[in-house]
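Colleague: Here is a sequence with its predicted model. Questions after.
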Amino acid sequence: MCGIVGYIGHRNAYDVIIKGLKRLEYRGYDSAGITLLNGSMNIYKKAGKVSDLENFAEGKDINGSVGMGHTRWATHGEPNDRNAHPHKSNNGKLSIIHNGIIENYATIKTELIKRGHVFHSDTDTEVLIHLIEEIQHKANVSLEEAVRLSLHEVVGAYAIVIISEDQQDELIVARKGSPMVIGIGEGEHFIASDATPIIEYTKNVVYLNDSEMAIVKKDSLVIKNIENVVQNPVIHELEMQLEMIEKNGYDHFMMKEIYEQPKSIYDSMRGRIRATEGLISLGGLKEYETKFKNAERIIIVACGTSWHAGLVAEYIIEEFARVPVEVEYASEFRYRNPIITENDIIIAISQSGETADTLAAIELAKSKGATIFGICNVVGSSIPRASHAGAYTHAGPEIGVASTKAFTAQVTILTLLAWSLAQIKGTLSRTRVVELLTALEAIPAKVEKALTSNEQIQKIAANFKDAPNFLYLGRGFNFPVALEGALKLKEISYIHAEGYPAAEMKHGPIALIDENMPVVVIATKGSILEKTISNIQEVKARKGIIIAIVTEGDTEVKKMADYVIEIPDTEEALVPLLATIPLQLLSYHIAIMRGCNVDQPRNLAKSVTVE
Ligand code: AGP
């Protein structure tokens with residue numbers, strides 16, 4: 001969950017690194033630091049954001065064309081100056097930055113202290129650089145060899161960059177379980193946690209694989225595995241464009257990404273459907289058509305918002321393809337000794353493609369013979385590379401920590417997968433598929449329409465910016481949307497919010513209802529609207545405040561709701577793609593009115609690459 005950047009070449013390393021760290025700040029922003037080489041090794045680090053580091057480095061020696069930087073999401077050691085990365089070795093000659101967790105750091109630290117090492121932080125990372133120093137000294141080997149040997153000693157996940165004051169023409173990098181991308185330029189190389197700090201300099205990248213390390217010089221790149229076997233790197237060309245990672249006039253990435261949804265939903269289906277012919281083509285699904293056709297059940301593993309997309313998929317796959325679906329929190333699935341057979345299909349959903357729990361769930365299922373289908377947004381990330389097949393959501397880089405366009409893109413892909421599976425299993429006629437795909441094709445324009453309620457929603461938000469709690473209710477396809485709406489609110493405004501199936505409210509949460517409790521209810525046209533209306537009346541009878549999301553033209557819910565937000569009509573199964581839009585906007589405006597940092601909410605990070 002940290003961001004790392006390294007540079008070696010002809011440019012001013014400080015400029016490249018600071019700009020890169022700002023592009024990675026969404027991955028973690030508790031503290032930031034930088035190491036620069038220009039004859040001497042200079043390290044500057046500070047609690048707070050990258051801008052705080054810039055202020056701290058003001059007027060100091062920031063020259064040099066070799067360096068590395070880190071923006072931290074704290075795992076071991078609270079966010080403060082001394083725990084900020086980079087960390088130094090005992091003799092002060094080596095410096096390291098790290099994304100991940102060294103699980104056996106305590107044991108190693110105890111041993112090193114016995115040998116006279118003095119530590120200055122509470123971090124696991126500092127232990128690793130001291131271990132490398134100890135091994136280099138004891139075995140009298142090169143820095144590269146000392147790094148390789150030390151990686152056989154540690155247990156955990158890492159993406160590391162190491163710099164030595166005595167070898168100023170190289171960076172040593174390695175990864176296992178945390179992402180690392182190497183950008184290849186002319187007489188220069190770039191290292192980063194993902195491609196966003198690299199894209200403005202080069203499109204040619206290498207994705208380092210787990211248990212690989214690299215010796216990076218200005219004009220050479222040697223990749224080995226930690227068994228010391230040289231690897232032949234595969235060079236990929238980035239599809240991402242620079243403007244995709246800029247704010248383009250919006251105040252926040254989150255708002256930009258909310259407004260990108262007409263396009264991102266369109267892009268997620270582009271080239272995959274021919275509505276008038278009732279044709280759906282998901283490459284990965286075709287490859288494993290027999291497996292899907294014979295699957296006795298589908299298990300979906302994911303975390304957070306991606307888990308909510310999985311819950312929407314459960315309703316849609318079971319409704320149309322009639323295949324049993326189980327949706328599992330990846331963090332629970334990986335440890336509860338689940339029953340997995342070779343007939344199981346595992347759908348792993350992840351925006352970042354780096355979520356540690358989801359990756360571990362995949363590895364567990366794969367070890368038991370299941371087929372893994374990954375649905376991810378970041379090309380070349382770990383989860384797609386660990387999957388047998390899959391589909392990219394093509395939503396474009398999602399920088400805001402709160403997931404918005406990735407969610408609707410995931411739901412779009414999952415809907416196509418459900419309908420494609422239904423065609424394979426013969427549970428959907430071509431006529432009906434034509435109807436459904438035609439409705440799906442109309443969704444981008446309907447999202448545009450839903451976005452026109454933004455100003456109305458901003459006014460509604462003003463009434464609730466100080467509410468201590470919120471309840472979100474939905475039924476059927478909209479139950480997962482209620483959960484997602486609640487998560488959006490709590491993660492960016494810090495207001496406690498709970499999502500519930502609307503009928504379940506009577507089994508406890510109704511005790512929370514009083515004149516101070518805002519209740520968001522998704523009450524759109526569909527098979528269970530009448531039941532939802534009964535739930536609204538139960539809330540009203542206890543003086544709860546109703547904020548209703550309704551289908552445009554609704555007259556019934558309007559009579560009982562305190563606030564009404566309309567969304568266009570569509571197929572019942574596609575309502576989640578529209579109902580989530582006002583909930584994203586409501587959360588955004590409430591958070592802004594509360595002075596919260598919507599793009600970098602406290603305690604959070606965009607990609608949870610630790611357990
Ligand atoms: C969503 O708004 C959150 N930022 C978080 O729940 C996120 O969805 C979760 O961490 C999963 O991330 P992933 O999709 O990258 O795997």
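Modeller: Yep, that arrived. Numbering: from 1, shown residues only.

Colleague: and Thr412, how far is that from Thr75?
Modeller: Thr412 sits 34 Å away from Thr75 when distances are taken as CB to CB, to the nearest Å. Just so you know, the C-beta spots here come from the backbone N, C-alpha and C atoms, and that holds for glycine as well.

Colleague: and what of Thr415?
Modeller: Taking CB to CB, one finds Thr415 at 36 Å from Thr75.

Colleague: ok, those two, which is more surrounded?
Modeller: More crowded of Thr415 and Thr75, by other CB atoms under 10 Å: Thr415, with 27 against 21.

Colleague: and Asn232, what does it touch?
Modeller: Ile223 (CB atoms under 8 Å, 6 or more residues apart in numbering).

Colleague: The ligand contacts on this protein?
Modeller: Contact residues (CB under 6 Å from any ligand atom) of the chain with the ligand: 303-306, 350-352, 355, 358, 401-403, 491, 607-608.

Colleague: Out of those residues, who's the most crowded?
Modeller: Top of those by neighbour number is Ser350, holding 33 neighbours under the definition other CB under 10 Å.

Colleague: can you give me phi and psi for that residue?
Modeller: phi -160, psi 130 (degrees, to the nearest 10).

Colleague: what are the bridge partners for it, then?
Modeller: Cys376 (DSSP bridges).

Colleague: pLDDT at it, what is it?
Modeller: Ser350 carries a pLDDT value of 98.

Colleague: try the one 4 residues further on
Modeller: The predicted local confidence for Glu354 comes out at a pLDDT of 91.

Colleague: how about it, what does it touch?
Modeller: Neighbours of Glu354 in contact, by CB under 8 Å, 6+ apart: Ser178, Pro179, Val378, Ser381, Ser382, Ile383, Ser607, Thr609.

Colleague: If Ile299 is in a bridge, with which residues?
Modeller: Beta-bridge partners, per DSSP bridges, of Ile299: Glu326, Ile346.

Colleague: pretty sure it contacts Glu326?
Modeller: Yes. Between Ile299 and Glu326 there is a contact under CB atoms under 8 Å: 5.0 Å.

Colleague: Who has more neighbours out of those two?
Modeller: Ile299 (23 against 14).

Colleague: gap between that one and Val325?
Modeller: 8 Å.

Colleague: Helices of the stretch 401-550 of the chain, start to end?
Modeller: 405-425, 430-441, 443-451, 454-462, 479-493, 529-540 (DSSP state H, counting those that start in this stretch).

Colleague: hmm, back to that, just give me the closest of the residues of the chain next to the ligand to Thr524.
Modeller: Using CB to CB, Thr305 is the member of those that lies nearest Thr524, at 20.3 Å.

Colleague: okay, the closest residue to that closest one other than its chain neighbours: pLDDT?
Modeller: Closest residue to Thr305 apart from its sequence neighbours, by CB to CB, 6 or more residues apart in numbering: Ser403 at 4.1 Å. For Ser403, the pLDDT comes out at 97.

Colleague: residues contacting Ser403?
Modeller: Ser403 touches Gly304, Thr305, Ser306, Gln351, counting by CB under 8 Å, 6+ apart.

Colleague: of the residues you listed, closest to the ligand?
Modeller: Closest to the ligand out of the contacts of Ser403 is Gly304 (1.9 Å), distances taken as CB to the nearest ligand atom.

Colleague: Could you pull up the residues touching that closest one?
Modeller: Counting by CB under 8 Å, 6+ apart, Gly304 has contacts Ser403, Leu487, Val608.

Colleague: Ok, Tyr329 next?
Modeller: By CB under 8 Å, 6+ apart, the contact list for Tyr329 reads Val301, Ala302, Cys303, Trp307, Asp357.

Colleague: And those, which two are furthest apart?
Modeller: So, the contacts of Tyr329 by CB to CB: farthest apart are Trp307 and Asp357, at 10.3 Å.

Colleague: Kind regards, and thank you for your time.
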